[in-house]
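>>> below are the sequence and a predicted model; questions follow.
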Amino acid sequence: MARRIDVTGAGGTRLVAWEFADPPKTGAEPEPDTGRPFVPSRAEPRDPHEPRDPHEPREPPGPGLDRSTGVLLLHGLMGRASHWASTARWLSERHRAVALDQRGHGQSEKPPQAAHTREAYVEDVEAAVEQLGLAPAVLIGHAMGALTAWQLAAKRPDLVRGLVICDMRASALGANSQREWEDWFKAWPVPFATLADVRKWFGEDDPWVERPNPARGEFYAEVMHECSDGWRPVFEPEQMLVSRETWVYDAHWEELAQVRCPALVVRGLDGELGRAEAQEMVRVLPHGQYAEVADAGHLVHYDQPDAWRAAVEPFLDSVLTG
(Lines give C-alpha, C1' and ligand atoms only; values in the text may rest on other atoms or scores of the structure.)
Protein backbone atom coordinates (compact mmCIF):
# COMPACT_ATOMS: atom_id res chain seq x y z
CA MET A 1 0.00 0.00 0.00
CA ALA A 2 1.02 3.62 -0.44
CA ARG A 3 0.15 6.12 2.27
CA ARG A 4 -0.24 9.77 1.33
CA ILE A 5 1.66 12.36 3.37
CA ASP A 6 1.31 16.09 2.74
CA VAL A 7 4.51 18.16 2.79
CA THR A 8 5.01 21.92 2.67
CA GLY A 9 7.72 22.87 0.21
CA ALA A 10 9.53 26.09 -0.66
CA GLY A 11 7.31 29.16 -0.70
CA GLY A 12 4.49 27.19 0.92
CA THR A 13 3.99 24.94 -2.12
CA ARG A 14 1.83 21.93 -1.29
CA LEU A 15 3.64 18.70 -2.06
CA VAL A 16 2.46 15.11 -1.82
CA ALA A 17 4.70 12.25 -0.71
CA TRP A 18 3.80 8.57 -0.79
CA GLU A 19 5.14 6.10 1.77
CA PHE A 20 5.20 2.52 0.56
CA ALA A 21 4.74 -0.45 2.84
CA ASP A 22 3.72 -4.07 2.31
CA PRO A 23 1.95 -5.04 -0.93
CA PRO A 24 -1.85 -4.84 -0.62
CA LYS A 25 -3.79 -7.82 0.64
CA THR A 26 -7.24 -8.95 -0.46
CA GLY A 27 -9.85 -6.48 0.70
CA ALA A 28 -7.50 -3.52 0.59
CA GLU A 29 -8.99 -0.08 1.08
CA PRO A 30 -10.75 0.98 -2.15
CA GLU A 31 -9.76 4.06 -4.08
CA PRO A 32 -12.47 6.76 -3.96
CA ASP A 33 -15.07 6.56 -6.74
CA THR A 34 -13.47 3.53 -8.40
CA GLY A 35 -13.86 0.61 -6.02
CA ARG A 36 -10.26 -0.39 -6.76
CA PRO A 37 -7.48 -0.64 -4.16
CA PHE A 38 -5.12 2.33 -4.36
CA VAL A 39 -1.91 0.81 -5.67
CA PRO A 40 0.21 3.19 -7.74
CA SER A 41 1.81 0.85 -10.25
CA ARG A 42 3.07 0.69 -13.78
CA ALA A 43 0.44 -1.83 -14.74
CA GLU A 44 -2.57 0.24 -13.64
CA PRO A 45 -2.07 4.02 -13.85
CA ARG A 46 -3.90 6.10 -11.27
CA ASP A 47 -5.98 9.03 -12.49
CA PRO A 48 -4.98 12.00 -10.27
CA HIS A 49 -8.01 14.00 -11.47
CA GLU A 50 -9.88 12.80 -8.37
CA PRO A 51 -7.97 13.90 -5.22
CA ARG A 52 -7.95 11.65 -2.20
CA ASP A 53 -10.16 12.63 0.72
CA PRO A 54 -7.77 14.06 3.36
CA HIS A 55 -9.96 12.56 6.12
CA GLU A 56 -9.93 9.07 4.65
CA PRO A 57 -8.24 6.44 6.91
CA ARG A 58 -4.86 5.33 5.66
CA GLU A 59 -2.89 2.16 6.06
CA PRO A 60 -0.13 2.35 8.69
CA PRO A 61 3.36 1.25 7.69
CA GLY A 62 3.86 -2.50 7.74
CA PRO A 63 5.14 -4.22 10.87
CA GLY A 64 8.85 -4.77 11.20
CA LEU A 65 9.78 -1.82 8.99
CA ASP A 66 13.22 -0.39 9.74
CA ARG A 67 12.26 3.17 10.63
CA SER A 68 15.90 4.18 11.04
CA THR A 69 16.66 3.95 7.31
CA GLY A 70 14.93 6.47 5.08
CA VAL A 71 15.04 6.28 1.29
CA LEU A 72 13.54 9.15 -0.73
CA LEU A 73 12.79 8.52 -4.40
CA LEU A 74 12.78 11.47 -6.81
CA HIS A 75 11.26 11.14 -10.28
CA GLY A 76 12.47 12.98 -13.36
CA LEU A 77 10.88 15.70 -15.45
CA MET A 78 7.26 14.81 -16.33
CA GLY A 79 7.38 11.91 -13.87
CA ARG A 80 5.44 11.17 -10.71
CA ALA A 81 5.93 9.27 -7.47
CA SER A 82 4.06 6.17 -8.67
CA HIS A 83 6.75 5.61 -11.31
CA TRP A 84 8.82 4.32 -8.40
CA ALA A 85 6.20 1.81 -7.22
CA SER A 86 8.09 -1.37 -8.12
CA THR A 87 11.37 -0.01 -6.69
CA ALA A 88 9.66 1.26 -3.54
CA ARG A 89 8.04 -2.10 -2.90
CA TRP A 90 11.30 -4.01 -2.69
CA LEU A 91 12.92 -1.18 -0.76
CA SER A 92 10.06 -1.20 1.75
CA GLU A 93 10.82 -4.79 2.68
CA ARG A 94 13.81 -3.47 4.64
CA HIS A 95 13.69 0.32 4.68
CA ARG A 96 11.31 3.26 4.96
CA ALA A 97 10.63 4.04 1.29
CA VAL A 98 8.99 7.34 0.34
CA ALA A 99 8.46 8.79 -3.15
CA LEU A 100 7.77 12.48 -3.71
CA ASP A 101 5.56 14.11 -6.32
CA GLN A 102 7.75 17.12 -7.03
CA ARG A 103 6.27 20.57 -7.66
CA GLY A 104 4.34 20.75 -10.91
CA HIS A 105 4.05 16.96 -11.04
CA GLY A 106 1.63 14.26 -9.95
CA GLN A 107 -0.71 15.38 -7.18
CA SER A 108 1.57 18.15 -5.91
CA GLU A 109 0.70 21.79 -6.43
CA LYS A 110 1.48 23.33 -9.79
CA PRO A 111 2.63 26.87 -8.98
CA PRO A 112 3.27 29.60 -11.58
CA GLN A 113 6.14 29.16 -14.01
CA ALA A 114 8.36 31.56 -12.08
CA ALA A 115 8.34 29.12 -9.14
CA HIS A 116 10.00 26.28 -11.08
CA THR A 117 13.60 27.16 -10.21
CA ARG A 118 16.44 24.83 -9.32
CA GLU A 119 16.55 26.38 -5.85
CA ALA A 120 12.85 25.68 -5.32
CA TYR A 121 13.18 22.03 -6.32
CA VAL A 122 16.14 21.54 -3.98
CA GLU A 123 14.44 23.35 -1.10
CA ASP A 124 11.34 21.20 -1.62
CA VAL A 125 13.36 18.02 -1.16
CA GLU A 126 15.21 19.53 1.78
CA ALA A 127 11.83 20.25 3.40
CA ALA A 128 10.54 16.76 2.59
CA VAL A 129 13.53 15.01 4.17
CA GLU A 130 13.18 17.10 7.31
CA GLN A 131 9.38 17.01 7.64
CA LEU A 132 9.21 13.27 6.98
CA GLY A 133 11.98 12.53 9.46
CA LEU A 134 14.08 10.67 6.90
CA ALA A 135 17.49 12.19 7.64
CA PRO A 136 20.09 11.10 7.01
CA ALA A 137 18.42 9.63 3.93
CA VAL A 138 19.50 7.79 0.85
CA LEU A 139 18.30 9.76 -2.16
CA ILE A 140 17.52 7.87 -5.36
CA GLY A 141 16.92 10.18 -8.29
CA HIS A 142 16.15 9.71 -11.96
CA ALA A 143 17.18 12.39 -14.46
CA MET A 144 16.06 15.78 -13.09
CA GLY A 145 15.41 14.09 -9.74
CA ALA A 146 19.02 12.91 -9.68
CA LEU A 147 20.27 16.45 -10.25
CA THR A 148 18.08 17.70 -7.41
CA ALA A 149 19.41 14.91 -5.21
CA TRP A 150 23.08 15.68 -5.76
CA GLN A 151 22.48 19.42 -5.39
CA LEU A 152 20.87 18.78 -2.01
CA ALA A 153 23.68 16.41 -1.01
CA ALA A 154 26.18 19.18 -1.80
CA LYS A 155 24.14 21.81 0.06
CA ARG A 156 23.11 19.76 3.12
CA PRO A 157 25.47 16.81 3.64
CA ASP A 158 23.89 16.27 7.06
CA LEU A 159 20.64 15.20 5.40
CA VAL A 160 22.05 12.71 2.88
CA ARG A 161 23.91 9.49 3.67
CA GLY A 162 23.93 8.01 0.18
CA LEU A 163 23.01 8.92 -3.39
CA VAL A 164 21.92 7.05 -6.51
CA ILE A 165 22.16 9.07 -9.74
CA CYS A 166 20.19 7.46 -12.56
CA ASP A 167 20.82 8.61 -16.14
CA MET A 168 21.44 12.32 -15.53
CA ARG A 169 24.22 14.25 -17.23
CA ALA A 170 26.48 16.74 -15.45
CA SER A 171 27.38 18.54 -18.69
CA ALA A 172 25.42 21.46 -20.12
CA LEU A 173 22.94 20.34 -22.79
CA GLY A 174 22.53 23.72 -24.49
CA ALA A 175 19.95 25.65 -26.50
CA ASN A 176 19.55 23.04 -29.23
CA SER A 177 18.41 20.49 -26.69
CA GLN A 178 15.80 22.89 -25.32
CA ARG A 179 14.47 23.63 -28.82
CA GLU A 180 14.19 19.91 -29.53
CA TRP A 181 12.05 19.52 -26.44
CA GLU A 182 9.83 22.44 -27.42
CA ASP A 183 9.26 20.85 -30.84
CA TRP A 184 8.65 17.46 -29.24
CA PHE A 185 5.90 18.76 -26.96
CA LYS A 186 4.23 20.42 -29.95
CA ALA A 187 4.24 17.05 -31.75
CA TRP A 188 2.17 15.31 -29.06
CA PRO A 189 -1.23 14.43 -30.58
CA VAL A 190 -3.23 15.59 -27.57
CA PRO A 191 -5.84 14.92 -26.51
CA PHE A 192 -5.48 11.16 -26.80
CA ALA A 193 -8.74 9.29 -27.27
CA THR A 194 -7.78 6.42 -24.95
CA LEU A 195 -4.93 5.27 -22.72
CA ALA A 196 -4.21 2.61 -25.32
CA ASP A 197 -3.54 5.45 -27.77
CA VAL A 198 -1.17 7.01 -25.24
CA ARG A 199 0.74 3.76 -24.86
CA LYS A 200 0.95 3.23 -28.61
CA TRP A 201 2.17 6.73 -29.43
CA PHE A 202 4.84 6.93 -26.74
CA GLY A 203 5.81 3.28 -27.09
CA GLU A 204 5.84 3.05 -30.91
CA ASP A 205 4.86 6.12 -32.94
CA ASP A 206 6.80 8.89 -31.19
CA PRO A 207 9.66 9.96 -33.53
CA TRP A 208 11.99 9.75 -30.54
CA VAL A 209 11.36 5.99 -30.24
CA GLU A 210 13.98 4.00 -32.12
CA ARG A 211 12.23 0.64 -31.64
CA PRO A 212 8.97 -0.40 -29.95
CA ASN A 213 9.19 0.11 -26.19
CA PRO A 214 6.06 -0.90 -24.25
CA ALA A 215 7.62 0.19 -20.95
CA ARG A 216 7.95 3.73 -22.28
CA GLY A 217 4.31 3.69 -23.31
CA GLU A 218 3.29 2.63 -19.79
CA PHE A 219 5.49 5.32 -18.28
CA TYR A 220 3.65 8.08 -20.14
CA ALA A 221 0.23 6.49 -19.61
CA GLU A 222 0.77 7.05 -15.90
CA VAL A 223 1.11 10.80 -16.30
CA MET A 224 -2.17 11.22 -18.19
CA HIS A 225 -5.61 11.98 -16.80
CA GLU A 226 -9.00 11.93 -18.42
CA CYS A 227 -10.46 15.32 -19.37
CA SER A 228 -13.72 16.22 -21.10
CA ASP A 229 -12.10 15.91 -24.53
CA GLY A 230 -9.80 12.94 -23.91
CA TRP A 231 -6.54 12.10 -22.11
CA ARG A 232 -4.06 14.89 -21.39
CA PRO A 233 -0.90 15.14 -19.24
CA VAL A 234 -1.35 15.95 -15.56
CA PHE A 235 1.37 18.58 -15.93
CA GLU A 236 1.60 21.74 -18.02
CA PRO A 237 4.19 21.31 -20.81
CA GLU A 238 5.10 25.00 -20.49
CA GLN A 239 6.01 24.44 -16.84
CA MET A 240 8.14 21.46 -17.80
CA LEU A 241 10.06 23.58 -20.29
CA VAL A 242 10.57 26.31 -17.68
CA SER A 243 11.82 23.70 -15.20
CA ARG A 244 14.18 22.25 -17.76
CA GLU A 245 15.46 25.69 -18.74
CA THR A 246 16.91 26.07 -15.26
CA TRP A 247 19.51 23.36 -15.81
CA VAL A 248 20.13 22.70 -19.52
CA TYR A 249 22.34 25.74 -20.08
CA ASP A 250 24.68 25.03 -17.16
CA ALA A 251 27.14 22.32 -16.25
CA HIS A 252 26.87 20.81 -12.77
CA TRP A 253 30.32 19.34 -12.18
CA GLU A 254 31.19 21.68 -9.33
CA GLU A 255 28.21 20.61 -7.23
CA LEU A 256 28.91 16.97 -8.06
CA ALA A 257 32.42 17.36 -6.66
CA GLN A 258 30.94 18.70 -3.42
CA VAL A 259 28.99 15.50 -2.71
CA ARG A 260 30.71 13.82 0.23
CA CYS A 261 28.53 10.75 0.72
CA PRO A 262 28.84 7.50 -1.26
CA ALA A 263 27.24 7.89 -4.69
CA LEU A 264 26.32 5.40 -7.40
CA VAL A 265 26.03 6.54 -11.02
CA VAL A 266 23.73 4.24 -13.01
CA ARG A 267 23.14 4.41 -16.75
CA GLY A 268 21.20 2.40 -19.28
CA LEU A 269 23.37 1.32 -22.17
CA ASP A 270 20.93 3.03 -24.55
CA GLY A 271 20.21 5.99 -22.27
CA GLU A 272 21.05 9.67 -22.48
CA LEU A 273 24.10 9.48 -20.23
CA GLY A 274 27.10 8.18 -22.17
CA ARG A 275 29.64 5.83 -20.64
CA ALA A 276 32.55 8.29 -20.85
CA GLU A 277 30.62 11.06 -19.11
CA ALA A 278 29.24 8.65 -16.49
CA GLN A 279 32.74 7.41 -15.67
CA GLU A 280 33.99 11.00 -15.45
CA MET A 281 31.16 11.73 -13.00
CA VAL A 282 32.33 8.78 -10.91
CA ARG A 283 35.87 10.16 -10.98
CA VAL A 284 34.70 13.63 -9.90
CA LEU A 285 32.56 12.29 -7.07
CA PRO A 286 34.74 11.85 -3.97
CA HIS A 287 33.14 8.45 -3.26
CA GLY A 288 31.69 7.52 -6.63
CA GLN A 289 30.78 4.10 -8.00
CA TYR A 290 29.52 3.03 -11.41
CA ALA A 291 26.90 0.61 -12.73
CA GLU A 292 25.26 0.12 -16.09
CA VAL A 293 22.17 -1.80 -17.12
CA ALA A 294 22.02 -3.66 -20.43
CA ASP A 295 18.98 -3.41 -22.70
CA ALA A 296 17.82 -0.24 -20.92
CA GLY A 297 17.36 3.29 -22.16
CA HIS A 298 16.74 6.49 -20.24
CA LEU A 299 13.96 4.90 -18.15
CA VAL A 300 16.29 2.36 -16.58
CA HIS A 301 14.05 1.38 -13.66
CA TYR A 302 11.12 0.90 -16.05
CA ASP A 303 12.92 -0.83 -18.89
CA GLN A 304 14.74 -3.42 -16.77
CA PRO A 305 13.38 -3.41 -13.20
CA ASP A 306 15.15 -6.60 -12.12
CA ALA A 307 18.54 -5.53 -13.48
CA TRP A 308 18.01 -2.09 -11.95
CA ARG A 309 17.48 -3.70 -8.54
CA ALA A 310 20.55 -5.88 -9.02
CA ALA A 311 22.62 -2.76 -9.73
CA VAL A 312 21.29 -0.66 -6.86
CA GLU A 313 20.67 -3.05 -3.97
CA PRO A 314 24.32 -4.01 -3.27
CA PHE A 315 25.23 -0.31 -3.17
CA LEU A 316 22.44 0.40 -0.68
CA ASP A 317 23.59 -2.50 1.47
CA SER A 318 27.13 -1.17 1.53
CA VAL A 319 25.96 2.35 2.45
CA LEU A 320 23.53 1.27 5.14
CA THR A 321 25.80 -1.29 6.78
CA GLY A 322 29.09 0.54 6.33
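It's in. Residues are numbered from 1 along each chain as shown.

>>> need the longest helix for this structure.
Counting by DSSP state H, the longest helix found in the chain is helix 305-321.

>>> and for that one, what's in contact with it?
With contact meaning Cβ atoms under 8 Å, 6 or more residues apart in numbering, helix 305-321 is reached by 69, 71, 86-87, 90-91, 95, 138, 140, 161-162, 164, 261-262, 264, 266, 289, 291-296, 300-301. Bear in mind the C-beta positions are built from the backbone N, C-alpha and C, glycine included.

>>> among those, which are in strands?
71, 138, 140, 161-162, 164, 264, 266, 289, 291-293 (DSSP state E).

>>> now those as CSV including neighbour count and pLDDT?
As requested, the ones in strands among the contacts of helix 305-321 are exported to CSV (neighbours: other Cβ atoms under 10 Å; pLDDT from 0 to 100):
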residue, neighbour count, pLDDT
V71, 26, 98
V138, 27, 98
I140, 29, 99
R161, 21, 98
G162, 23, 98
V164, 28, 99
L264, 25, 99
V266, 27, 99
Q289, 17, 98
A291, 20, 98
E292, 18, 98
V293, 25, 98
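
>>> the longest helix of the chain: which residues count as buried?
Within helix 305-321, the residues that count as buried by 16 or more other Cβ atoms under 10 Å are 305, 307-309, 311-312, 315-316, 319-320.

>>> mind giving me the domain split of the protein?
2-167+253-321, 175-241 (automatic domain parsing).

>>> and those, which is most packed in?
Of all the domains of the chain, domain 2-167+253-321 has the most neighbours on average by mean count of other Cβ atoms under 10 Å, namely a mean of 19.

>>> endpoints of that domain, how far apart?
Using Cα to Cα, to the nearest Å, one end of domain 2-167+253-321 lies 26 Å from the other.

>>> taking the centroid of this structure, which residue is nearest it?
The chain has H75 as the residue nearest its centroid, 1.0 Å off, counting by Cα atoms, centre = their mean.

>>> what's the spacing between that residue and A88?
Applying Cβ to Cβ, to the nearest Å, the value for H75 to A88 is 11 Å.

>>> A143 now?
A143 is 17 Å from A88, by Cβ to Cβ.

>>> check A172 too.
Counting by Cβ to Cβ - A172 and A88 are separated by 32 Å.

>>> which stretches of the chain form helices?
85-91, 118-131, 144-155, 175-187, 195-200, 214-221, 237-248, 253-257, 275-284, 300-303, 305-321.

>>> okay, and the beta partners of Q289?
L264 (DSSP bridges).

>>> where do the strands sit along the stretch 1-150 of the chain?
Taking DSSP state E, counting those that start in this stretch as the criterion, the stretch 1-150 of the chain contains strands spanning 2-8, 14-20, 70-74, 96-101, 137-142.

>>> direction included, what does the third one pair up with?
Using DSSP bridges, the strands paired with strand 70-74 are strand 96-101 (parallel), strand 137-142 (parallel).

>>> so which of those strands comes closest to V190?
In terms of Cβ to Cβ, the element of these nearest to V190 is strand 96-101, at 21.1 Å.

>>> E204 touches R216, doesn't it?
No: using Cβ atoms under 8 Å, E204 is not in contact with R216; the gap is 9.1 Å.

>>> what's the offset of stretch 245-256 from the middle of its chain?
A distance of 19 Å separates the centroid of the chain from that of stretch 245-256, by Cα atoms, centre = their mean, to the nearest Å.

>>> what is the distance between the longest helix of the chain and the centre of its chain?
With Cα atoms, centre = their mean, you get 17 Å for helix 305-321.

>>> let's have the chain start at 856 instead
Got it, the first residue is 856 from now on, which makes the last one we talked about helix 1160-1176.

>>> that helix - what's its average pLDDT?
Regarding helix 1160-1176, the rounded mean pLDDT is 95.

>>> now do it against helix 1069-1076, angle only.
Taking axes from the mean of the first three to the mean of the last three Cα atoms, to 10 degrees, one finds helix 1160-1176 and helix 1069-1076 inclined to each other by 70 degrees.

>>> tell me what angle helix 1160-1176 forms with strand 1143-1148.
160 degrees.

>>> how near is E981 to T863?
12 Å.

>>> pLDDT weak spots in the stretch 856-1005 of the chain?
877-923 (pLDDT under 70).

>>> can you rerun that using 90?
Applying pLDDT under 90 to the stretch 856-1005 of the chain flags residues 856, 876-924, 968-969.

>>> low-confidence ranges, the stretch 1006-1155 of the chain, go.
Using pLDDT under 90, the stretch 1006-1155 of the chain has no residue that qualifies.

>>> closest to W1063 out of the helices of the chain?
Here helix 1030-1042 is closest among those (Cβ to Cβ), at 6.6 Å.

>>> ok, back up a step: quick check: which of the strands of the stretch 856-1005 of the chain is nearest to W1036?
Across these, closest to W1036 is strand 992-997 (Cβ to Cβ), at 16.8 Å.

>>> quick one: contacts of that closest one?
Contacts for strand 992-997 (Cβ under 8 Å, 6+ apart): 924-931, 934, 938-939, 942, 950, 980, 984, 1002-1005, 1007-1008, 1014-1023, 1154-1156, 1167, 1171, 1174-1175.
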